[in-house]
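Chemist: With the input below, show me the fold.
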Amino acid sequence: MKYVKIFILLIVLISFLFILQSTKDNLTFNEIAKFTTKSILYLTSKASSIFLTVSIATDLSPPKIYIDHPQNITYTSNINSIPLNFTIVDDGVVEGTTYYNVDNGNNVTVTGNTTFAVNETTMSHILTLFANDTKSNLNSSSVTFSVKLTAKVVEVAGAGGGGGGGGGGKTVLANIEIITPGFLNMLPGDSIISPIIIRNSGQTNLNSIFIDATTNTSYMSLQLDKIFIPVLVVGEEERILLTIRTRDDAENGQYEVLIKATSGSPQVSGTARTVVFISDKDFGRPREIRQNLEFARKLFESNPECLELVELLNQAEEALNLRQYDKASGLIDAAVQSCKDLLAARGKATQPPSGLNVTEIATLILEFVVFILVTYGLYYYYKRRKVKSK
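Modeler: Here you go, the predicted model:
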């Protein structure tokens, strides 16, 4: 009798700790401010390198590359001195050469962390870092980031911001901001619908805005559902859908999509890039990707402004159900980052996903109570049987 009570008490305690830990894990998971599925792969690879204590004489794998800065976010720093911080991990005896380029420009060899400059006329940029070893095993890693450009100074007639008659002119700032996914993963013979936000972040109305989408490969075709916006008043946004299709014979590789918006009056333009990885191989982890999708949906619920980008999450779920794990992972990353960029453009902070909601808490409590009742019922039943057998 004494041991049975102790056993029941232990079960109750373990159940309570399980519920407490589940709640804690959920809250911790929701507090990740810079969550992407790439961060999980980073930690996994990093852990592997930490626990690798045996030196392998034959070097068959390329170096692992971790870019710490820049990240897939928008920066407001000096465009002539952007930090490049990275870590190269190689299982070989001697490391080889490390070099990088910006926007597919000239390669620059480096021996450690450095700084670089970008073109001041372009908002979105791609940095690609390469590393090889003495066995000629080459690897590369890319990151798309944005630099918030200084708005163009224009002069408009009259005291108003966007048109009007005579009188003295007024000097104002004009700017077009484009929010688009930084990275997408696709298969040959595939298609993705990517939402794009065109935003007037200047101080004057923008008139006669033309939208254009181009790519650097014939393996992809692009189609915009809208190529002209009559007017965008100050602070206004326009949502456009870009359909990206890949050919069946598309070769594996990294390609670019360039989005450009040009205003006729005043004359100002903005650009943004999306990197598209085409691969017929898939190395995704379905369990982690499903958890990431759940996180992203909760993030959108906590930030309703991001629901304009929900197509990305819906397509990620479709890809996940079709076992296209890399594609799903890329869509989730794109949705999360685009959500953060959109909120930043509107001057709002990203709200972390809420913890367990009322329904989830009630379900946990109900399961706990049912478990206790079943445990006590079994104990009472076997106790009576024991008494009757005597």
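Chemist: ok, for residue 256, nearest residue in space, not its chain neighbours?
Modeler: residue 216 (4.9 Å; CB to CB, 6 or more residues apart in numbering). Yep, even glycine has a C-beta here, placed from its N, CA and C like the rest.
Chemist: mind checking how far that neighbour is from residue 184?
Modeler: Distance, residue 216 to residue 184, using CB to CB, to the nearest Å: 15 Å.
Chemist: hmm, back to that, residues in contact with the residue nearest to residue 256?
Modeler: Residue 216 makes contact with 255-256, 258 under the criterion CB atoms under 8 Å, 6 or more residues apart in numbering.
Chemist: ditto for residue 129
Modeler: Residue 129 sits next to 65, 67, 84, 86, 98-100, 140-142 when contact means CB under 8 Å, 6+ apart.
Chemist: now residue 304: how far from residue 346?
Modeler: Look at residue 304 and residue 346: by CB to CB, they are 12 Å apart.
Chemist: how about the helices in the stretch 201-350 of the chain?
Modeler: Here the stretch 201-350 of the chain has its helices, by DSSP state H, counting those that start in this stretch, at 286-302, 310-321, 325-345.
Chemist: I'd like to know which elements the second one is packed against.
Modeler: Spelled out, it's helix 310-321. Helices and strands touching helix 310-321, by 3 or more CB pairs under 8 Å, 6 or more residues apart in numbering; DSSP states H and E, are strand 191-200, helix 286-302, helix 325-345.
Chemist: could you redo the last one with a cut-off of 10 Å?
Modeler: Contacts defined by 3 or more CB pairs under 10 Å, 6 or more residues apart in numbering; DSSP states H and E place helix 310-321 against strand 183-186, strand 191-200, helix 286-302, helix 325-345.
Chemist: what about it, average pLDDT?
Modeler: Averaging the model's pLDDT scores along helix 310-321 yields 93.
Chemist: Between helix 286-302 and it, find me the angle.
Modeler: Helix 310-321 runs at 160 degrees relative to helix 286-302, counting by axes from the mean of the first three to the mean of the last three CA atoms, to 10 degrees.
Chemist: quick one, what contacts the residue nearest to residue 84 when sequence neighbours are not counted?
Modeler: Distance criterion CB to CB, 6+ apart; nearest residue to residue 84, sequence neighbours excluded, is residue 114 at 5.2 Å. Contact analysis of residue 114 by CB atoms under 10 Å, 6 or more residues apart in numbering lists 82-86, 100, 108.
Chemist: just to revisit the earlier point, same list (the contacts of residue 129) but as CSV, adding pLDDT.
Modeler: Formatted as CSV, the contacts of residue 129 follow (pLDDT from 0 to 100):
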residue, pLDDT
65, 87
67, 89
84, 92
86, 91
98, 91
99, 94
100, 95
140, 87
141, 87
142, 84
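Chemist: still on that earlier bit, for the contacts of residue 114, pick the one with the most neighbours.
Modeler: Counting neighbours by other CB atoms under 10 Å, residue 100 leads the contacts of residue 114 with 22 neighbours.
Chemist: Between residue 304 and residue 346, tell me which one has more neighbours.
Modeler: Using other CB under 10 Å, the more surrounded residue of residue 304 and residue 346 is residue 346, with 13 against 9.
Chemist: any idea which of the contacts of residue 114 is closest to residue 298?
Modeler: residue 85 (30.7 Å; CB to CB).
Chemist: after the helix or strand where the closest one lies comes which helix or strand?
Modeler: Using DSSP states H and E, residue 85 sits in strand 82-89. Next helix or strand after strand 82-89 toward the C-terminus (DSSP H and E): strand 95-102.
Chemist: which of the contacts of residue 216 tops the neighbour count?
Modeler: residue 255 (21 neighbours).
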